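Enquirer: have a look; sequence and predicted model below, questions after that.
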Amino acid sequence: MTTKPWLLAVLGALLMTGCASSPRKTLMERTSSYVVYDLPAQQVMDAAEEVLGERGYALLPSTDPLLLQTPWKVSGNFDVWSAWSRRYVEGRKRADGRIVVRAFEVAANVPARTQLLPGMASSVSGTPEDKQNTTPTIILATEPVLVRSARPVLRRDLELEWAIMERLNPEFAGRVKEQVDDYLAQGAAPDLR
């Protein structure tokens with residue numbers, strides 16, 4: 001198989017599965033990245049919290065009311081490979097009192113992860129069953145820590161910013177969708193690099 005037909009087959013498969021972003025989706029998400037809210041900051045952050053909750057994310061405690069952060073969400077098989085992700089949503093107040101929302105995703109793919117098993121102290125002879133409460137006999141769940149080889153990637157999450165904007169102002173989001181559809185219907189070929 002030569003390189004060119006193979007490359008075309010891969011690109012075709014990506015387009016069919018939806019992995020490649022559509023121009024419509026890209027234009028809408030880029031629009032939401034320029035939105036400045038003339039709403040109370042708490043209302044904006046509450047909407048962001050609702051969107052995160054709908055996506056299955058819980059929130060970690062924060063001392064900053066304009067910062068939402070989630071714990072790691074892990075999917076996959078821990079014995080082979082797993083995908084880890086967490087989200088951050090930051091509200092930035094401008095000098096004029098309005099607020100801008102920035103959402104970020106930290107994602108990493110982690111190869112097989114194993115947890116260290118509890119061990120016996122060197123001064124103790126016997127097994128944990130011989131002397132009660134010498135060492136744990138079960139593995140306790142803790143906040144997961146990425147291994148050094150995971151190399152997490154931080155990227156701007158424009159899709160989450162669009163969802164927040166759509167929650168706060170569905171009428172404006174509808175108008176943006178109409179304008180994007182009109183723009184694309186006119187045959188405009190946007191350069192979405």
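Expert: It's in.
Enquirer: which residues does residue 42 contact?
Expert: By C-beta atoms under 8 Å, 6 or more residues apart in numbering, the contact set of residue 42 is residue 65. Bear in mind the C-beta positions are built from the backbone N, C-alpha and C, glycine included.
Enquirer: that one and residue 92, how far apart?
Expert: Using C-beta to C-beta, to the nearest Å, we find residue 42 at a distance of 14 Å from residue 92.
Enquirer: with residue 175 instead?
Expert: 25 Å.
Enquirer: equivalent analysis for residue 162, please.
Expert: Distance of residue 162 to residue 92, computed by C-beta to C-beta: 17 Å.
Enquirer: who has more neighbours out of the two?
Expert: Shown here are residue 162 and residue 92; by other C-beta atoms under 10 Å, residue 162 has more neighbours (22 against 12).
Enquirer: which phi and psi does residue 107 have?
Expert: phi -130, psi 150 (degrees, to the nearest 10).
Enquirer: in the sheet, who's paired with the spatially closest residue to it that is not a sequence neighbour?
Expert: Excluding the flanking residues, the one nearest residue 107 by C-beta to C-beta, 6 or more residues apart in numbering is residue 85, at 4.7 Å. Residue 85 has these beta-bridge partners by DSSP bridges: residue 73, residue 107.
Enquirer: now for residue 85, how many residues are close by?
Expert: 18.
Enquirer: for it, give its distance to residue 166.
Expert: Separation of residue 85 from residue 166 (C-beta to C-beta) stands at 21 Å.
Enquirer: next one: residue 99
Expert: 17 Å.
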